[in-house]
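Engineer: The amino acid sequence is not available; the structure is as follows:
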């Protein structure tokens, strides 16, 4: 089964925020969507294209899960790759921590041409034991001063970085 939501605004109301549970072999595509609040839990395929997410929680919870973020912005959101893969390209993550772990099977993340901004309230990227992350041509920005942890890699985690930079924003 697959669901495509395009040119849509999803906001929390009296019934709560949008919640999506994507099963294995199923797909969800959000294209040009504004989502304020909401939860996306996936064992299948999720594509978020040129969308604006605020206060959203995205979680891969199975080795079959694939998350793609392309373009757009996530603000005050969280991305957890417990298993499966995630790819982010040409997107902006503002105060939106990304955690790559190994809940059951190894999780992996590939970031390319992304901007991760932090006010210091959270670590923009955490690679836990068993997790894998590759960062290329991306920028980490801090609005919290000089003392910020941009990336945390636990023992047993793997991080590869190429052509990226850490920038302090005045």
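Structural biologist: Okay, I see it. Keep in mind it's a predicted model, so treat the numbers as computed, not measured.

Engineer: so residue 155 makes contact with residue 129?
Structural biologist: Yes. Judged on Cβ atoms under 8 Å, residue 155 makes contact with residue 129 at a distance of 6.2 Å. Yep, even glycine has a C-beta here, placed from its N, CA and C like the rest.

Engineer: out of the two, which sits in the busier spot?
Structural biologist: residue 129 (13 against 6; other Cβ atoms under 10 Å).

Engineer: which one is that one nearest to, not counting chain neighbours?
Structural biologist: Once flanking residues are discounted, residue 129 sits nearest to residue 156: 3.4 Å by Cβ to Cβ, 6 or more residues apart in numbering.

Engineer: tell me the secondary structure for that neighbour?
Structural biologist: At residue 156 the chain is in coil, as set by DSSP: H, G, I helix; E, B strand; the rest coil.

Engineer: Distance of residue 22 relative to residue 114?
Structural biologist: 22 Å (Cβ to Cβ, to the nearest Å).

Engineer: Hmm, I typed the wrong one, I wanted residue 2.
Structural biologist: Distance from residue 2 to residue 114, by Cβ to Cβ: 26 Å.

Engineer: Between the two, which is the more surrounded one?
Structural biologist: Set side by side, residue 2 and residue 114 show more neighbours around residue 114, with 23 against 11, by other Cβ under 10 Å.

Engineer: And the helix or strand hosting residue 135, what's buried?
Structural biologist: Assigned by DSSP states H and E, residue 135 belongs to strand 132-136. By neighbour count on 16 or more other Cβ atoms under 10 Å, the buried set for strand 132-136 is 132, 133, 135.

Engineer: before we move on, what about stretch 66-80?
Structural biologist: Quick answer for stretch 66-80 (16+ other Cβ under 10 Å): 66-70, 72-80.

Engineer: cool, stretch 30-44 as well?
Structural biologist: Those buried within stretch 30-44 under the rule 16+ other Cβ under 10 Å are 30-31, 33-38, 40-44.
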